[in-house]
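Engineer: Build me a model from this:
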Amino acid sequence: MAKRKTLEQKKEEVKGLTTKMNDAIDYYFESPGQMNELMAFMLKFYHYSPKNAALIRSQFEGAEAVGSYNFWKDKGFQVQKGEKALKVLVPNKTAPKFKTAEGKWENMKYATEQEKGQIYKGELEQRKSRLYFSTGNVFDISQTNAKESDLPEIFPNKWMEGDVANYHTMLASMHRIGDKLDVTIGEPFDELGAAKGAFYHSVHDKNNGHIGLNPRNGELQNVKTLLHELAHAKLHNPKNEHYQAMPAEEKEFQAEMTAYAVASYFDIDTSDYSLRYLANWTQDKEMKDKAKLLDHVRQTAVEFIDEIEPDLVKERDKEQEQENDMLLLEYGMNQITDVKEISLQEMKSFAKGNTNGAAFIKMQASENLRDEEYQKQFNEIFAGKYTVIDKAIDEPQLLIQWSEAPELKDNTMYPFAEGNDKMEALEEKYQQETGYRKTRYHVVLPVNEYSTTPNIVSISDRLDIGDGAYIHPYHHIRKMGEMTTGHQKILDDAYHDYLIETEKEELEDSKIQQQPELVQNNYDEMLYWYEMCKRPVSLGCQPNGFIEFDHDKGKHGIVAYDRELTDQELNDYEMKEWDLKQGEKDKKKIRKLEMELQ
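Structural biologist: Take a look at the predicted model:
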């Protein structure tokens, strides 16, 4: 068990991190390019201070999204074994305390009404809350089992596709920022020449000023310039004495860095202009309190982003409503009879035109739901007739058209392997009860090099859960033998990978550490092979810890372990040793017979 750190050790650790932070900040102020590099990085982590952002970058080049161990766990992801945590400084506050009449220091929240009165009068000594720092641990997304494609789910509403094509939406958002700052935006009061814009201070105190944009500006220049001038309006109001004393180079540094940071966040590249501008203003100038300057930039950039981003997200969602990114499937008796590409808007129009009464009212009431929730509602209303599925799937899926098993909802899709796992448990459950549960399902295969939309494969034979004929859909499909070789391989790979991954996890949990003896005919390449005598390889049908399996050998397939199974295990699971040599002899015998027949 690790020893707890002493107070002195903790202080030294915080001191070391603080020094590292300040060194990192100084490094990035060496050139405009390095300043912009830090700013772009900071905006990925805008909930962290500039010092912590610089510290994260110094420890993990290319970090994309960080969170504590519990943050990732709460989001459903796991930090990978062996990953080293990134250190950050965590601000904390001491509890305010007071000294009792007996001379003992107590937490202020435990003070009685009488003691509170004495504290107010100054009769009892008090200590106010103090800020102190401790170290905290965070991990980047690349140190977990989450993928970058999971980012929109982990951090919803983050704008990822901003460009100047959204110019009018951005302009409207920036005008709203101007309104909040009590600043007007429009034509300049005089000829600006080559200048891109100007900030005019208010003379009569009617408002906080006016931003004039050069009418010769293009859209990109207007966005950058307006962000720059809004930053001046926010940070450098002449009514604020602190900013009156601020050197011009520091004001221009903050305004241009804010503009660059916000533009970069929305994927608008202004680096060529911004780098030259920063170089002109900061060359040979000494900046005081760099971290404080950057912190004001960060706060302003975040405020502007929070104002602009929701509008761009709405714009993007509106555009996506027009995209044909879904499939409308029509059910027949035992197969899919029609497949049509549709957009969200078309799905809503279809719902309006094909419902009446209570169903129509229900769909109308769902108009304002999130897209996923609306789709779910659509599938509930049209169960048995139609379903809508997303085109963007990256692994095979089981589509349940209908089922008498209440655990399986009509018009629901499950990842293929997980769906098999669920239905295998139901098979076992209903075998213990009278009767069986009829189920109609289809298989949805992801887009491949030969198709632009997912393949929908209908299974002609109904699956009766609980009748003992099949363990799960995968077993059912293999026995039916109706799949093409290519489609069957996709399912084999998906199920195989899932089983192997599940076994690996169970091995990790149980920490099985057994060294096999290198003997026996069933031993080959560090593995022991066994034949499944009564049922195929499936979860719970063989001892835990198998490494590999092959469905095409033996009576019901063969399975491999890195240890020798006991007689008890072989008996309990109805397995036997698989003689690899005999298997090779059988193969040769079959080949010989085939040649003779030819």
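Engineer: What mean pLDDT does the strand or helix carrying Leu55 get?
Structural biologist: For Leu55, the element it lies in under DSSP states H and E is helix 50-59. Mean pLDDT, computed over helix 50-59, is 70.
Engineer: Need the pLDDT of Ile123.
Structural biologist: If you look again at residue 123, you'll see it is Glu, not Ile. Predicted confidence (pLDDT) for Glu123: 87.
Engineer: Over to the one 10 residues further on?
Structural biologist: Confidence at Phe133, expressed as pLDDT, is 60.
Engineer: what does Val183 give?
Structural biologist: 91.
Engineer: again, but for Gly353
Structural biologist: Reading off the model, Gly353 has pLDDT 89.
Engineer: quick check: domain ranges of the protein?
Structural biologist: 7-94+130-154, 164-320, 326-390, 393-509, 512-597 (automatic domain parsing).
Engineer: Just send the ones you listed back as JSON lines, with distance to Lys104 and mean neighbour count too.
Structural biologist: The way it works is simple: take the backbone N, C-alpha and C, and place the C-beta from them, glycine included. JSON lines is the format used below for the domains of the chain (distance: least, C-beta to C-beta, whole Å; neighbours: other C-beta atoms under 10 Å):
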{"stretch": "domain 7-94+130-154", "distance to Lys104": "17", "mean neighbour count": "16"}
{"stretch": "domain 164-320", "distance to Lys104": "39", "mean neighbour count": "17"}
{"stretch": "domain 326-390", "distance to Lys104": "55", "mean neighbour count": "15"}
{"stretch": "domain 393-509", "distance to Lys104": "49", "mean neighbour count": "17"}
{"stretch": "domain 512-597", "distance to Lys104": "54", "mean neighbour count": "15"}
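Engineer: JSON lines for these, including distance to Met108?
Structural biologist: Putting these into JSON lines (distance: least, C-beta to C-beta, whole Å) gives the following:
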{"stretch": "domain 7-94+130-154", "distance to Met108": "11"}
{"stretch": "domain 164-320", "distance to Met108": "30"}
{"stretch": "domain 326-390", "distance to Met108": "44"}
{"stretch": "domain 393-509", "distance to Met108": "46"}
{"stretch": "domain 512-597", "distance to Met108": "54"}
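Engineer: what comes into contact with stretch 99-109?
Structural biologist: Ala95, Pro96, Lys97, Phe98, Glu115, Ile119, Leu124, Glu125, Gln126, Arg127 (C-beta atoms under 8 Å, 6 or more residues apart in numbering).
Engineer: residue contacts, the second one?
Structural biologist: Contact criterion C-beta under 8 Å, 6+ apart gives Asn107, Met108, Gln126, Arg127, Lys128, Ser129 as the residues in contact with Pro96.
Engineer: of these, closest to Gln143?
Structural biologist: Ser129 (34.5 Å; C-beta to C-beta).
Engineer: Counting neighbours, what do you get for that closest one?
Structural biologist: 11 (other C-beta atoms under 10 Å).
Engineer: What helices and strands are in contact with the helix or strand where Phe71 lies?
Structural biologist: Taking DSSP H and E as the definition, one finds Phe71 inside helix 69-74. Here helix 69-74 touches strand 131-140, going by 3 or more C-beta pairs under 8 Å, 6 or more residues apart in numbering; DSSP states H and E.
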